[in-house]
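K.L.:
Next comes the sequence, and after it the predicted model I'd like to discuss.
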Amino acid sequence: MRKTEKSGGITILDFGSQYTRLIARRVRELEVYSEILPWNASPESILDGKPKGLILSGGPRSTIGPDAPRLDRSLIECEIPVLGICYGMQLIARTLGGEVKKGRLGEYGRTRVIFKNENGEKILKGVPASTDVWMSHWDEVSRLPEGASAFGASESGALAAYSVNEGRITALQFHPEVDTTEYGREMLSNFLFDICGCEPNWKLGDWVKRSLESIASAVSKTDRVICGLSGGVDSTVAAVLVSKVAGDRLDCIFVDHGFMRKNEPKQVVEMYKRLDLRVRHVDASERFLSAVSGLANPEEKRKTIGELFVRVFEEEARKRRGAKWLLQGTIYPDVIESGFMGGAVIKSHHNVGGLPGDMGVELLEPIRELFKDEVRRIGALLGIPEEMLKRHPFPGPGLAVRCLGDLRRERLDILREADAIFIEEIKSAGLYDSVWQAFCVLLPVRSVGVAGDARTYGETAVLRAVASRDAMTAESVRLPWDVIDKTAKRICQEVPQVGRVAMDVTGKPPATIEWE
Ligand code: XMP
């Protein structure tokens, strides 16, 4: 029997979707406990936690494919409410005797759905009859199982929602967990509270408590932990969390790769002192710069930096023999974007999976299931200063993935100056905290200009400011023109090597937030 605190929560069965953790996070946002189990967990172990409801996630496979993940029929035949999403929706149909076939075109992205709520579906409380949702599927349910009733279709006519057993089983072709689904939060809330009868009694503080307990049960009273700190929110929160258990048995190493923002290494070291973390600052900037010299391919750059990072870290760690654990501040978007869940590799995040095999240490990743804003809120609960927590996210390989083309110290300095001006202007306009991330990119593109009577041939700086909730998707921020204008003028004046300033207005998708 698992711990009783889990009873009354939601169990999410993971069929491999990149959004499974996002479902868990949405459930947490609604203050309900959730746990994720693999799709092939035994029905006994699933029901042992006494969940109030089951959510079947989406997944990358086809339910009609040869080795498609299956569902034990007993799970949907017991009395527990079930919500099937995408793959989960199709799987319920097949399991109960319906039919799924390959669709003609598939549906991807924002799609309009029309609901016909003739049976008073509880999941539709407060949801208008026509609304935009996020679709991502090829197959579609072509025949409903006996006793099921459809209550929604997309504009193209594909079945989008049905229920069985008066709404105890609800199945949605679209993803209510994705922000684009306008009433997704309402639908999940209706499922949790109106259909499953959950109570909103799970708090982020519970996460901290449980996490400290599980760290304490893994890390014994004599174990030493080493940790690579990057100056960012994630590794800092992970370190402060573990320091509550390991105290001075936690040794932190700050590998300075030389790709940080203006004045950042100094500020970071001071902050660690204030947080009482034992940190050794290793300036390895020369080594990193020579390793990436001449590299232009983004993945090569990322891999080279990631590998060298591990090597430098390992050298330092060897000076502290006896560590049993390697602590990393990996968070959830790092895990999926690095392709660890079986999806495509979008970018190799250098803090994921770089564990040197022969170091003989075990990996400790206490915030692996969290999203950035949750990490920030947990940081605040742990007493980390606000100014640190509110710092915009920064990629592991730092400015190396924002300095396109020749990676020389001079060009990195140009980028640092331009970036500092942009951030200063955003801060003085009072916009820093409302923007998810703002930064400059330096392009290997020169253009002709005129300064005084002289011809110039300067580089191009690009301003990028995005709004996001969790870095999975992002939109370009409409900064006030005065801020853009002043920033552009200042950059050209104060950084004479830059001859032109442009603005990146692309969302994610199709772009990613960073340029490389
Ligand atoms: P992308 O560019 O993939 O970035 O849309 C999503 C978010 O992740 C940050 N990012 C990283 N964070 N290590 C990190 O810890 C990395 O290698 C890395 N690459 C990108 C990026 O700044 C954005 O907030």
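P.N.:
Ah, there it is.
K.L.:
Under the pLDDT cut-off, which ranges of this structure? List them.
P.N.:
Filtered on pLDDT under 70, the chain yields the residue ranges 1-7, 335-359.
K.L.:
What segments of the stretch 251-400 of the chain are strands?
P.N.:
Here the stretch 251-400 of the chain has its strands, by DSSP state E, counting those that start in this stretch, at 279-283, 323-327, 362-364.
K.L.:
buried residues in the first one?
P.N.:
Yep, that's strand 279-283 we're talking about. Within strand 279-283, the residues scored as buried using 16 or more other Cβ atoms under 10 Å are V279, V282. Placement of C-beta: from N, CA and C, glycine included.
K.L.:
From the chain's centroid, how far away is it?
P.N.:
Its chain's average C-alpha position is 28 Å from that of strand 279-283, according to Cα atoms, centre = their mean, to the nearest Å.
K.L.:
hmm, who's touching that strand?
P.N.:
Residues from elsewhere that reach strand 279-283, judged by Cβ atoms under 8 Å, 6 or more residues apart in numbering: 229, 251-256, 258, 265, 269, 272-273, 312, 316.
K.L.:
quick one: which of these is nearest H137?
P.N.:
Ranked by distance to H137 (Cβ to Cβ), those are led by L229 at 41.5 Å.
K.L.:
M271 is in contact with the closest one, correct?
P.N.:
No - at 9.9 Å, L229 does not count as touching M271 under the criterion of Cβ atoms under 8 Å.
K.L.:
what do these two both touch?
P.N.:
T236.
K.L.:
Of the two, which one has the most company?
P.N.:
The neighbour count for L229 versus M271, taken as other Cβ atoms under 10 Å, is higher for L229 (24 against 19).
K.L.:
wait, what's in contact with the more buried one?
P.N.:
S235, T236, A239, C252, I253, F254, V268, Y272, L277, V279.
K.L.:
Next, give phi and psi for it.
P.N.:
phi -100, psi 140 (degrees, to the nearest 10).
K.L.:
Distance of it relative to D206?
P.N.:
Counting by Cβ to Cβ, to the nearest Å, the gap from L229 to D206 is 26 Å.
K.L.:
ok, now G306?
P.N.:
34 Å.
K.L.:
Quick one: end-to-end length of stretch 285-304, please.
P.N.:
By Cα to Cα, to the nearest Å, the extent of stretch 285-304 from end to end equals 14 Å.
K.L.:
where's the residue of the stretch 1-150 of the chain found nearest the ligand, which helix or strand?
P.N.:
Distances between the stretch 1-150 of the chain and the ligand by Cβ to the nearest ligand atom are smallest at Q18, namely 12.7 Å. Following DSSP states H and E, one finds Q18 outside all helices and strands.
K.L.:
same thing with A239?
P.N.:
helix 233-246.
K.L.:
Could you tell me how many residues sit around A429?
P.N.:
Residues near A429, counting by other Cβ under 10 Å: 15.
K.L.:
check contacts around the residue positioned nearest the centre of the chain.
P.N.:
Central residue of the chain (Cα atoms, centre = their mean): P333, 2.5 Å from the mean position. Counting by Cβ under 8 Å, 6+ apart, P333 touches F371, K372, D470, A471, M472.
K.L.:
Report the buried members of the residues you listed.
P.N.:
Applying a neighbour-count criterion of 16+ other Cβ under 10 Å, the buried members of the contacts of P333 are F371, K372, D470, A471, M472.
K.L.:
Distance to the ligand for those residues - can I get that in a markdown table?
P.N.:
Shown next, in a markdown table, are the buried ones among the contacts of P333 (distance: Cβ to the nearest ligand atom, whole Å):
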| residue | distance to the ligand |
| --- | --- |
| F371 | 11 |
| K372 | 7 |
| D470 | 9 |
| A471 | 4 |
| M472 | 8 |
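K.L.:
End to end on stretch 212-228, go ahead and measure it.
P.N.:
By Cα to Cα, the extent of stretch 212-228 from end to end equals 19 Å.
K.L.:
So which of the strands of the stretch 251-400 of the chain is nearest the ligand?
P.N.:
Counting by Cβ to the nearest ligand atom, the ligand lies closest to strand 323-327 out of the strands of the stretch 251-400 of the chain; the figure is 14.5 Å.
K.L.:
which residues are contacting the closest one?
P.N.:
Under Cβ under 8 Å, 6+ apart, the answer for strand 323-327 is 218-219, 223-228, 238-239, 242, 250-251, 317, 355, 359, 361-366.
K.L.:
residue contacts, the spatially closest residue to R391 that is not a sequence neighbour?
P.N.:
Leaving out its chain neighbours, the residue that sits closest to R391 by Cβ to Cβ, 6 or more residues apart in numbering is V233, at 6.4 Å. Listed by Cβ under 8 Å, 6+ apart, the contact partners of V233 are K372, V375, R376, G379, M388, L389, R391, P393.
K.L.:
Need the nearest residue in space to the fifth one, chain neighbours excluded.
P.N.:
Of all residues beyond its chain neighbours, the one nearest M388 is M271 (5.7 Å), with distances taken as Cβ to Cβ, 6+ apart.
K.L.:
ok, now the second one?
P.N.:
Counting by Cβ to Cβ, 6+ apart, V375 lies nearest to V237, which is 5.2 Å off, once chain neighbours are set aside.
K.L.:
do the same with the last one
P.N.:
The shortest distance from P393 to any residue that is not its chain neighbour, by Cβ to Cβ, 6+ apart, is 5.5 Å, and that residue is Q437.
K.L.:
Report the buried residues of the helix holding A239.
P.N.:
Buried residues in helix 233-246, defined by neighbour count with 16+ other Cβ under 10 Å: 233-243, 245-246.
K.L.:
try stretch 188-201
P.N.:
Neighbour-count burial for stretch 188-201 flags L188, S189, N190, F191, L192, F193, I195, C196, C198 (criterion: 16+ other Cβ under 10 Å).
K.L.:
so how far is the ligand from the first one?
P.N.:
Separation of L188 from the ligand (Cβ to the nearest ligand atom, to the nearest Å): 24 Å.
K.L.:
ok, now how distant is that residue from L75?
P.N.:
20 Å.
K.L.:
circling back: am I right that the residue nearest to V375 is in contact with L381?
P.N.:
No - the pair V237 / L381 is not scored as a contact, 9.7 Å apart, by Cβ under 8 Å.
K.L.:
Which neighbouring elements make contact with the helix or strand where L83 lies?
P.N.:
Element membership for L83 (DSSP H and E) is strand 82-85. Identification of packing neighbours for strand 82-85 by 3 or more Cβ pairs under 8 Å, 6 or more residues apart in numbering; DSSP states H and E yields strand 53-56, helix 87-95, strand 169-172.
K.L.:
again, only this time at 10 Å
P.N.:
In terms of contacts (3 or more Cβ pairs under 10 Å, 6 or more residues apart in numbering; DSSP states H and E), strand 82-85 is packed against strand 10-14, helix 20-29, strand 53-56, helix 73-77, helix 87-95, strand 159-164, strand 169-172, helix 184-189.
K.L.:
Buried by neighbour count: which residues of stretch 139-153 qualify?
P.N.:
Buried residues in stretch 139-153 (16+ other Cβ under 10 Å): D139, E140, V141, L144, P145, A148, A150, F151, G152, A153.
K.L.:
Walk me through the domains of this protein.
P.N.:
3-195, 204-389, 408-504 (automatic domain parsing).
K.L.:
if I look at the residue sitting furthest away from the middle of the chain, how far off is F313?
P.N.:
Note on the chain: the largest C-alpha distance from the chain mean falls to D453, namely 49.5 Å (Cα atoms, centre = their mean). Per Cβ to Cβ, D453 is found 52 Å from F313.
K.L.:
Over to V219?
P.N.:
19 Å.
K.L.:
Need the phi and psi values for T131.
P.N.:
According to degrees, to the nearest 10, T131 has phi -150, psi 160.
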